[in-house]
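> give me a model of this one.
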Amino acid sequence: MRTLPAVLMMCLSGAALGVVHEKVSAPEGWVRGEAAKDELLEFTFAVKHTAEAKRWLEEKVKEVSTPGGKGYGRYLSLEQLTSKMAVPATNLNTVVSSLEAAGMTNVEVLASKDFVRAYADSATAALYFNTEFCQWSHPVTGKTTTKACSPQYELPEAISPLVDFVAGLVHFPLLNKMTVGQPMMSGLGSLVDTLRTTYNTTGAKPAAGSKTSACFTQFLEQWYSPADLQAFLEHYSPSQKGQTVVKKVGPWQSGHGVEAELDAQYLTGMANGVATWVWSNTNKNAVNNQEPWAQFFTNVSIATDVPNLFSISYGEGENTLTKVYMDRSDMELQKIAARGITVMSASGDNGSGCTKKRFVANFPAALPHITSVGATNTCDKGSGCAGFSSGGFSDYYTRPAWQEAAVSEYLAKKDIIPEASYFNATGRAYPDVAACGNVLICVERVCGMPVAGTSCASPIFTGVLALVSDALIAAGKPALGFVSPALYKAYGTNPKTFTDVTTGSTQGCELQKWKAASGWDATTGLGTPVYSELLAALKAM
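Now for the predicted structure:
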């Protein structure tokens, strides 16, 4: 039997020769404390793909997502995708051997063959990553998590080139920013009808025997209440009384998290009979609260039973994450797109994201392969943009070809565009579309609680798209998949597919802010959906 050289063994075990692998900004608002040495921690290693695999995936997604192309709508099965995107076995084995040699336990290669998961107590992990672990707490929210004490970690020299990032170390749980008010009794029984009228979905229902499904995601131990969903339907959409969330993926329990309640109620109400799912991304096995993106992507990447559409109502600034973390996240979105799954994301609730006389775009909303939803101020026709609705331009990603024409028209309106020093004029522009950002929900069976944020807009728009997707499938067309290229083409062919939002502006840096205008703009994208026009345009593709 051959033995490994001593230097390589040191690299594999992490005993020496470590290099800084990832470094982020120190978390704002979190207080550092001492962590127990025997706490069980979970780590997920995103193992790098080959350059060839990345190029293949990018071309495949372009092929299946570009209307008019010969490959449009010809999606891949999970098996086909995995066979193409699996990381070389030698690289996986090297990572696994390193973790086992360091004393980590339950080391496994996930079924997607590009993630490795392992567990360790904080003392073992501290040696491997060359960083101590602390218990962090957030005084405002009461949340706690165990993470690295410093905003960086190391990996052995032999392992660092093989890994994109390690989840469970320096990325912190997201904090909800939406606005919640006191319950009021006005508007009961009318709001969902108003939304259906505004977005032209009145009377739209799934086809007989429909298998279309739309899913909302739960992060941060946010749980929805089935009883509150029924109260919402009784008050706002009586014809749907008795409809339930038909499938729950991941850990689940009943609760009254405002974010989850909002998602469940408005996705169910606006999808109007399309099967609603919930996808929970809560880690019950460890105290280091895996950041939601890593959990979500690893869960979806190995799931054989997936919904047609996802709505995500969580996000953070691009400047809080490393480029490699965002790149891998966008690649995971491309893998999802290749399977014909639509992912919608709230654009954020901090307007332009003004930071030191610079606009900061939001993640994941400004990633190239997600469809971002901004917000209008009311649910009525003719509403202006909501001041909190996030939008702008990514500092990290160039503008995709499918939005170039629409965005260039906006940037040409020099009299309303902020000074050039505030944003990257060649970046990926967001949001793509918009929906109502001020609604009423039911919590603990009390209805009329006002909630404001793009967290309202994402499930509403996703509900409309669920009806569109169902009608397309019933007509023998493919599911929507990564829908942004099709939405921009539909708008270019027939601007009536969206109601243009032309008034209002978003929060900015004093006088420097994004303003609504005719056509695409950085407050509400292409505008709000017109169901019948959008369906007709997509059917013709």
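> CA atoms for contacts and neighbours, from now on please.
Noted.
> residue ranges in this structure under the pLDDT threshold?
1-17, 173-189, 220-221, 282-291 (pLDDT under 70).
> the same query, at a cut-off of 50, please.
1-16, 184-188, 284-285 (pLDDT under 50).
> so A337, which of the three states?
Secondary structure assignment for A337 (DSSP: H, G, I helix; E, B strand; the rest coil): helix.
> and the closest residue to it other than its chain neighbours, backbone torsions?
Take A337 and drop its neighbours on the chain: the residue closest to it by C-alpha to C-alpha, 6 or more residues apart in numbering is F482, 5.1 Å away. The phi and psi torsions at F482 (degrees, to the nearest 10) take the values phi -70, psi 110.
> ok, F482 to G69 distance?
To G69, F482 is 14 Å away according to C-alpha to C-alpha, to the nearest Å.
> mind listing what the residue nearest to S301 when sequence neighbours are not counted touches?
Using C-alpha to C-alpha, 6+ apart and skipping the chain neighbours, the partner closest in space to S301 is S112 (5.9 Å). Each residue near S112 by C-alpha atoms under 8 Å, 6 or more residues apart in numbering is listed here: 82, 86, 301-302.
> can I get those residues in JSON lines including secondary structure, distance to G527 and neighbour count?
Listed next are those as JSON lines, based on DSSP: H, G, I helix; E, B strand; the rest coil; distance: C-alpha to C-alpha, whole Å; neighbours: other C-alpha atoms under 10 Å:
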{"residue": "T82", "secondary structure": "helix", "distance to G527": "36", "neighbour count": "18"}
{"residue": "A86", "secondary structure": "coil", "distance to G527": "39", "neighbour count": "19"}
{"residue": "S301", "secondary structure": "helix", "distance to G527": "31", "neighbour count": "23"}
{"residue": "I302", "secondary structure": "coil", "distance to G527": "35", "neighbour count": "16"}
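> now tabulate the residues you listed in JSON lines and tack on distance to S137.
Formatted as JSON lines, the contacts of S112 follow (distance: C-alpha to C-alpha, whole Å):
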{"residue": "T82", "distance to S137": "38"}
{"residue": "A86", "distance to S137": "37"}
{"residue": "S301", "distance to S137": "31"}
{"residue": "I302", "distance to S137": "32"}
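> closest to C149 out of those residues?
The shortest gap between C149 and any of these belongs to S301, at 30.1 Å (C-alpha to C-alpha).
> that closest one is in contact with A337, isn't it?
No. Using C-alpha atoms under 8 Å, S301 and A337 do not qualify as a contacting pair, with a distance of 11.2 Å.
> how about the nearest residue to A457 once chain neighbours are set aside, phi and psi?
Nearest residue to A457 in three dimensions, chain neighbours excluded: A435, at 4.6 Å (C-alpha to C-alpha, 6+ apart). Torsion angles at A435 (phi, psi; degrees, to the nearest 10) stand at phi -160, psi 180.
> and A435, what are its bridge partners?
On DSSP bridges, the residues paired with A435 through beta bridges are A375.
> gap between it and C215?
From A435 to C215 the distance is 17 Å (C-alpha to C-alpha).
> equivalent analysis for D470, please.
D470 sits 14 Å away from C215 when distances are taken as C-alpha to C-alpha.
> same question, T304
15 Å.
> quick one, which of the two is more surrounded?
C215 (30 against 10; other C-alpha atoms under 10 Å).
> show me what contacts the more buried one?
Contacts of C215 by C-alpha under 8 Å, 6+ apart are 267, 276-279, 307-311.
> 6 Å instead?
276-278, 309-310 (C-alpha atoms under 6 Å, 6 or more residues apart in numbering).
> now swap in T198 and tell me
By C-alpha under 6 Å, 6+ apart, T198 lies in contact with K381.
> and it, how close does it get to T499?
T198 is 9 Å from T499, by C-alpha to C-alpha.
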